[in-house]
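> dropping a prediction and its sequence here:
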Amino acid sequence: MQNAWTGVAHVFGDAIDTDVIIPGKYTKSLDFNAMKRHTLKEITNDFSGKCKLGDFVVAGHDFGIGSSREQAPLVLKLCGIRCIVAKSFSRIFYRNAINLGLYLVQCNTDGISDGDVLSYDPPTGTLTNQCNGKTYIGQPLPDIMQRILEHGGIVPYIMDLRLEGKDMTLE
């Protein structure tokens, strides 16, 4: 896995709600450093301080349920999370994360423990737990979502298309 990303797993359970990821009372500001300090605060103390650039959030079923607030995937990305691995995602959280350039891997997360070192290879969708050697294959993303992620999100994707002079009309 030459192009693989490597980082530490921060493991959570099922039904992690967007209000738990970032409570609404902390989303009223554009001070992103202040917002990220409250990320997952109800579950773990100082989540943003524990994260390193390239780390993974790992969860069970229904990650990102609840409100449709875009700040939930945003604060995770601001904390340095590059990829979220879960058994399933809320539909709106899923789209918000892709639009912000945050990678998602939907697969069985059994066998991944907090603190495990993970490697993810985006082209193949392969996730490897470096601590126990277990390999997971994520559900493939549609081509358009892959392209959006490769550009860093929906806005950079559209801007790149415009710079390339591509027709942006929808038919």
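Sure thing, it's come through.

> any idea how many residues pack against Cys142?
Check again: residue 142 is Pro, not Cys. 9 (other Cβ atoms under 10 Å). All C-beta atoms are positioned from the backbone trio N, CA, C, and that covers glycine.

> from Asn33, how far out is it?
34 Å (Cβ to Cβ, to the nearest Å).

> mean confidence score for the biggest strand by length in the chain?
Determined from DSSP state E, the single longest strand within the chain is strand 5-11. The predicted model gives strand 5-11 an average pLDDT of 96.

> got it, and stretch 27-46?
89.

> also stretch 58-68?
On average, stretch 58-68 scores 94.

> can you give me the buried ones in that stretch?
By neighbour count on 16 or more other Cβ atoms under 10 Å, the buried set for stretch 58-68 is 58-60, 62-67.

> run the chain-centre distance for that stretch.
Computed by Cα atoms, centre = their mean, to the nearest Å, the chain-centroid distance of stretch 58-68 equals 11 Å.

> quick one: low-confidence parts of the protein?
1-2, 166-171 (pLDDT under 70).

> ranges for the strands of it?
5-11, 56-59, 83-86, 103-106, 117-121, 126-129, 135-137.

> which one of those lies nearest to Gly153?
strand 103-106 (10.9 Å; Cβ to Cβ).

> what sits up against the closest one?
82-89, 94, 97-98, 120, 122, 125, 127, 136, 138-139, 141, 149 (Cβ atoms under 8 Å, 6 or more residues apart in numbering).

> change it to 7 Å
Strand 103-106 has contacts (Cβ atoms under 7 Å, 6 or more residues apart in numbering) with 82-86, 88-89, 94, 97-98, 120, 122, 125, 127, 138-139, 149.

> equivalent analysis for stretch 63-82, please.
With Cβ under 7 Å, 6+ apart as the criterion, stretch 63-82 contacts 5, 7, 15-19, 21-22, 27, 32, 35-36, 39, 47-48, 51-57, 84, 86, 89-90, 92-93, 96-97, 100, 102-103.

> mind doing that once more with 6 Å?
By Cβ atoms under 6 Å, 6 or more residues apart in numbering, the surrounding residues in contact with stretch 63-82 are 5, 15-19, 21-22, 27, 32, 35-36, 39, 48, 51-55, 57, 86, 89-90, 92-93, 96-97, 100, 102.

> mind listing which of those are in helices?
The helices, defined by DSSP state H, take in 18-19, 21, 32, 35-36, 48, 92-93, 96-97 from the contacts of stretch 63-82.

> which one of those is nearest Val11?
Once Cβ to Cβ is applied, the member of these that ends up nearest Val11 is Ile21, at 14.7 Å.
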